[in-house]
Each structure stands twice: as C-alpha cells, then as structure tokens.
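**Q** Below: sequence and its predicted model.
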Amino acid sequence: MWRIWLIFDPRRSLVAILSFAFIMVMLNHFIQLSTPRYGSWLNSEPWPPKAATK
C-alpha cells in the first residue's frame, strides 16, 4: 500500500479527493434544495413570531 504514494503525490491526491468530495456535497445540497419536498421552505412566507411565554 505504501508504494502507491511513490506513484501519486500525497498532497495533490489529498487536495483532489477533498475538492471532489466538496463538489459532490454541494451538488447534493443544491439538488435537494431544488426538490419540492426539501426546498419548498425557500419560497414560502415567513412564519409569524411566537408569543413570548412567561
């Protein structure tokens, strides 16, 4: 397993893996927010403030 780091530079590999993971996470979030089930709160009216309880 250690020989793979002789072929690939560890720093560049780590940056590439983390960049890919970040892009995938952001893509997933935007896809979820574009669906009516999870993104509907973006277009709805704001809720009225709750009354203060004593």
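**A** Yes, it's here. Numbers count the residues shown, from 1 in each chain.

**Q** low pLDDT regions in the chain?
**A** Applying pLDDT under 70 to the chain flags residues 42, 52-54.

**Q** just checking, what packs against the longest helix along it?
**A** Assignment by DSSP state H gives helix 10-33 as the longest helix of the chain. Using 3 or more C-beta pairs under 8 Å, 6 or more residues apart in numbering; DSSP states H and E as the contact criterion, the elements in contact with helix 10-33 are helix 36-39. (C-beta placed from N, C-alpha, C; glycine too.)

**Q** Need the residues that contact the helix it packs on.
**A** Helix 36-39 is contacted by residues Q32, L33 when judged by C-beta atoms under 8 Å, 6 or more residues apart in numbering.

**Q** Put the alpha carbons of that helix into CSV.
**A** Provided in CSV are the C-alpha atoms of helix 36-39 (Å, rounded to 0.1, in the frame of the first residue of the first chain):
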residue,chain,number,x,y,z
PRO,A,36,-40.4,20.4,-3.8
ARG,A,37,-40.1,18.3,-0.6
TYR,A,38,-37.0,19.8,0.8
GLY,A,39,-36.7,23.1,-0.9
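
**Q** and that helix, how far out from the chain's middle?
**A** 16 Å (C-alpha atoms, centre = their mean, to the nearest Å).

**Q** What residues sit buried inside it?
**A** By 16 or more other C-beta atoms under 10 Å, helix 36-39 has no buried positions at all.

**Q** residue contacts, V15?
**A** V15 neighbours (C-beta under 8 Å, 6+ apart): none.
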